[in-house]
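**Q** show me how the following folds:
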Amino acid sequence: MSQQNAPGETAPSGPSARRGSAAWALVITSVAGFMAALDNLVVTTALPSIRKDLGGALDDLEWTVSAYTLTFAVLLMFGAALGDRFGRRRLFIAGLTVFTGASAAAAMAPGIDSLIAARAVQGVGAAVMMPLTLTLLTAAVPAAKRGMMYGIWGAVNGLAVASGPLIGGSLTEHVSWHWIFWLNVPLGLITLPLARLRLAESYGTAARLDVPGTLLASGGLFGIVYGLVRGPADGWTDTVVLTALFAGGALLTGFVLYSSRAASPMLPMRLFRSRAFSGINAASLLMFVGMFGSIFLLSQYMQGVLGYSPTEAGLRMLPWTGMPMLVAPIAGILSDRIGGRPVVAAGLLLQAAGLGYMAVVATANASYAVQLPALIISGVGMALYFAPAANLVMSSVRPQEQGIASGANNALREVGGALGIAVMSSIFSAQGGYESAQSFVDGLRPALVTGSGVVALAAVAALVIPARRSAARLTAVDGQPPATVSEGGAPTAADAGSSAAAEATALESTR
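**A** Next comes the predicted model:
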């Protein structure tokens with residue numbers, strides 16, 4: 001497959017270039033993304049069984065979830081930078097190897113401490129491979145077809161995030177909690193040789209690794225995520241929690257100031273001058289705040305209040321969690337034709353409406369028929385968001401910066417997920433609790449209203465993204481012929497002078 005490369009990006013050559021295939025890249029990156037995304041919430045429904053087998057206090061059980069989230073969020077941008085510098089396929093394979101090995105270690109963990117350690121190593125592997133899934137897919141797919149491919153990739157990842165409790169609950173109930181980790185091992189062992197044989201190697205910038213920026217970003221993210229994870233359990237006024245949040249905020253402020261002045265920063269701050277890049281990242285952060293917190297509470301609502309088993313609860317959430325598999329590919333095609341902004345904004349508004357609807361109808365004995373419209377609306381909304389969001393992130397920057405852009409977007413999503421669980425758990429605890437079914441509902445409703453409002457703000461952020469007329473010209477940056485937009489909205493090839501001028505034009509269109 002012939003590819004053109006932007007300045008500063010090393011072109012694939014020889015057998016590596018010939019072996020690249022859009023279909024293989026989609027399969028490999030989707031499977032890897034599914035594995036990494038699934039492990040965010042797959043443990044939640046297995047915690048009672050894990051405690052029964054391995055023991056441990058409540059704090060220990062929380063860390064089986066948090067250890068993964070923490071290392072995953074902290075190292076995402078560093079993993080993307082390593083891939084850009086030393087080879088995206090090479091680092092993708094390394095990350096997948098670490099993740100697969102750590103999954104096996106988690107499945108065989110003899111005690112709670114060793115399980116927590118294995119989960120932390122899992123997060124390291126996921127942080128390296130996850131942001132590279134998008135850059136490897138982007139390198140293998142022509143710009144005109146990326147919307148549909150991102151749609152399928154986004155559908156698989158969205159399904160993994162939302163169905164984590166179902167898969168974890170079903171395996172725990174019918175087989176053993178060990179299999180929520182064993183599941184990754186055969187998938188990893190199959191994907192590793194395919195990645196070696198079927199993915200083309202590519203590189204980003206050849207600049208040195210930004211060590212000061214890496215330390216500042218990693219330390220800042222660690223403090224923020226650690227504080228968010230521990231806040232609901234230890235209290236927001238706890239000394240350690242406050243220290244972590246303030247120190248993390250200070251380090252991230254230092255990272256911004258440093259990156260604004262450094263010659264070759266890990267995350268160039270000029271990217272945020274692009275309305276496309278800033279808008280989609282703000283929307284992604286807010287979307288994950290609302291979605292993660294809602295799924296975390298609703299999975300407990302269906303089991304603890306309505307009395308469903310883990311499997312029954314997961315099946316009843318399929319209109320929400322399974323919808324991306326049906327709608328996201330269509331959303332990707334729509335984004336190719338009319339642009340990503342209207343599709344993302346519509347999806348976020350539907351997601352907000354679905355959460356608001358659920359907040360209204362949730363009662364201690366709500367029937368499934370009453371809940372179903374909210375689940376369908378939320379599912380369609382989530383599906384419309386995922387595919388165009390990936391496309392907007394990758395098209396908002398130069399090709400050689402796509403790795404770090406993907407890493408930054410994924411890091412913000414993870415921080416959003418941790419923030420969503422923390423904030424909505426705090427609202428739930430302040431207004432209700434686990435004492436009775438009615439007490440749970442009393443806490444659930446205001447939490448869902450908050451989630452709905454946050455996702456609605458995400459829709460506002462999405463509307464900041466430039467319209468299709470501007471976004472279409474970004475194909476010039478991608479090494480493809482510059483595009484103009486016809487009256488019907490479809491891009492057509494046009495001459496645009498020198499490549500340098502075309503690139504400047506394209507970048508300016510996103511401001």
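**Q** which residues of the stretch 401-511 of the chain score low on pLDDT?
**A** 468-511 (pLDDT under 70).
**Q** let's see 50
**A** 469-511 (pLDDT under 50).
**Q** same check, this time on the chain
**A** For the chain, the ranges with pLDDT under 50 are 1-19, 469-511.
**Q** doesn't residue 397 lie inside a strand?
**A** No - secondary structure of residue 397 (DSSP: H, G, I helix; E, B strand; the rest coil): coil, not part of a strand.
**Q** from residue 100, how far out is the nearest residue to it once chain neighbours are set aside?
**A** The shortest distance from residue 397 to any non-neighbouring residue, by CB to CB, 6 or more residues apart in numbering, is to residue 405 (4.5 Å). C-beta: built from backbone N, CA, C; applies to glycine. Distance of residue 405 to residue 100, given as CB to CB, to the nearest Å: 26 Å.
**Q** again with residue 296
**A** With CB to CB as the criterion, residue 296 and residue 100 are 26 Å apart.
**Q** and residue 405 and residue 100? Which one has more around it.
**A** Applying other CB atoms under 10 Å to residue 405 and residue 100 shows that residue 405 carries more neighbours, namely 28 against 22.
**Q** any idea how many residues pack against the closest residue in space to residue 450 that isn't next to it in sequence?
**A** Take residue 450 and drop its neighbours on the chain: the residue closest to it by CB to CB, 6+ apart is residue 427, 5.7 Å away. Using other CB under 10 Å, residue 427 is surrounded by 22 other residues.
**Q** for residue 102, give me its contacts.
**A** 118, 119, 121, 122, 124, 125 (CB atoms under 8 Å, 6 or more residues apart in numbering).
**Q** which one of those residues is nearest to residue 338?
**A** residue 125 (37.4 Å; CB to CB).
**Q** if I read this right, that closest one contacts residue 99, doesn't it?
**A** Yes - contact criterion CB atoms under 8 Å: residue 125 and residue 99 qualify, at 3.1 Å.
**Q** surely residue 345 is within a strand?
**A** No - counting by three-state DSSP, one finds residue 345 to be helix, located in no strand.
**Q** and it, how many neighbours?
**A** Neighbour number of residue 345 under other CB under 10 Å is 23.
**Q** list the contacts of it.
**A** By CB under 8 Å, 6+ apart, residue 345 lies in contact with 459, 462, 463.
**Q** which residues touch the residue nearest to it when sequence neighbours are not counted?
**A** Nearest non-adjacent residue to residue 345, counting by CB to CB, 6+ apart: residue 462, 4.3 Å away. Shown in contact with residue 462 (CB under 8 Å, 6+ apart): 279, 280, 283, 341, 344, 345, 348.
**Q** now do residue 334
**A** 147, 343, 388.
**Q** same question for residue 156.
**A** 30, 31, 33, 34, 324, 325.
**Q** now, of those residues, which are buried?
**A** Neighbour-count burial (16 or more other CB atoms under 10 Å) applied to the contacts of residue 156 gives 30, 31, 33, 34, 324, 325.
**Q** identify the farthest-apart pair in these.
**A** It's 31 and 324 that sit farthest apart of those, by CB to CB, at 15.7 Å.
**Q** what are the buried residues along stretch 145-153?
**A** 146, 147, 148, 149, 150, 151, 152, 153.
**Q** list the contacts of it.
**A** Taking CB under 8 Å, 6+ apart as the rule, stretch 145-153 contacts 22, 26, 29-30, 33, 133-134, 137-138, 141, 328-336, 340, 386-388, 390-391, 394-395.
**Q** hmm, 6 Å instead?
**A** Stretch 145-153 has contacts (CB atoms under 6 Å, 6 or more residues apart in numbering) with 26, 30, 141, 328-329, 331-333, 335-336, 387, 390-391.
**Q** mind checking how far residue 149 is from residue 23?
**A** For residue 149 relative to residue 23 (CB to CB), the value is 9 Å.
**Q** tell me, how many residues neighbour residue 157?
**A** Neighbours of residue 157 (other CB under 10 Å): 27.
**Q** my guess is it meets residue 33, correct?
**A** Yes - judged on CB atoms under 6 Å, residue 157 makes contact with residue 33 at a distance of 4.8 Å.
**Q** which non-adjacent residue is nearest residue 72?
**A** Using CB to CB, 6+ apart, the closest residue to residue 72 is residue 123 (3.9 Å).
**Q** for the one you found, list the residues it contacts.
**A** Counting by CB under 6 Å, 6+ apart, the residues that residue 123 touches are 68, 71, 72.
**Q** helix, strand, or coil at it?
**A** helix.
**Q** which neighbours do residue 149 and residue 23 share?
**A** Common neighbours of residue 149 and residue 23 (CB under 6 Å, 6+ apart) do not exist.
**Q** helices along the stretch 301-450 of the chain, start to end?
**A** All helices of the stretch 301-450 of the chain, identified by DSSP state H, counting those that start in this stretch, fall at 310-316, 318-321, 323-338, 340-361, 368-395, 402-431, 437-462.
**Q** looking at the ones you listed, which is closest to residue 264?
**A** helix 402-431 (11.3 Å).
**Q** that closest one: which residues count as buried?
**A** In helix 402-431, counting by 16+ other CB under 10 Å, buried: 402-428.
**Q** that older thread, adding distance to residue 39, write the helices of the stretch 301-450 of the chain out as a markdown table.
**A** Compiled in a markdown table, those are given as follows (distance: least, CB to CB, whole Å):
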| stretch | distance to residue 39 |
| --- | --- |
| helix 310-316 | 16 |
| helix 318-321 | 16 |
| helix 323-338 | 18 |
| helix 340-361 | 23 |
| helix 368-395 | 18 |
| helix 402-431 | 12 |
| helix 437-462 | 22 |
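**Q** for residue 233, find the nearest of those helices.
**A** helix 402-431 (9.0 Å).
**Q** before we move on, the earlier item: which one of the contacts of residue 462 sits closest to residue 241?
**A** Once CB to CB is applied, the member of the contacts of residue 462 that ends up nearest residue 241 is residue 283, at 27.7 Å.
**Q** the closest one and residue 47: what is the separation?
**A** Distance from residue 283 to residue 47, by CB to CB: 31 Å.
**Q** which one's more surrounded, these two?
**A** Legend: neighbour count by other CB under 10 Å for residue 283 and residue 47, higher for residue 283 (29 against 18).
**Q** so the more buried one sits against residue 458, correct?
**A** Yes - counting by CB under 6 Å, residue 283 does reach residue 458; the two are 4.5 Å apart.
**Q** tally up the residues packed near residue 262, please.
**A** Neighbour number of residue 262 under other CB under 10 Å is 15.
**Q** gap between it and residue 411?
**A** Applying CB to CB to residue 262 and residue 411 gives a distance of 18 Å.
**Q** neighbours around residue 382, how many?
**A** Residues near residue 382, counting by other CB under 10 Å: 30.
**Q** what's the answer for the one 4 residues further on, then?
**A** Residue 386 has 28 neighbours, counted by other CB under 10 Å.
**Q** what's the closest non-adjacent residue to it?
**A** residue 154 (3.1 Å).
**Q** hmm, back to that, for the contacts of residue 462, give me TSV that also has distance to residue 62.
**A** Listed next are those as TSV, based on distance: CB to CB, whole Å:
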residue	distance to residue 62
279	34
280	31
283	29
341	38
344	33
345	35
348	30
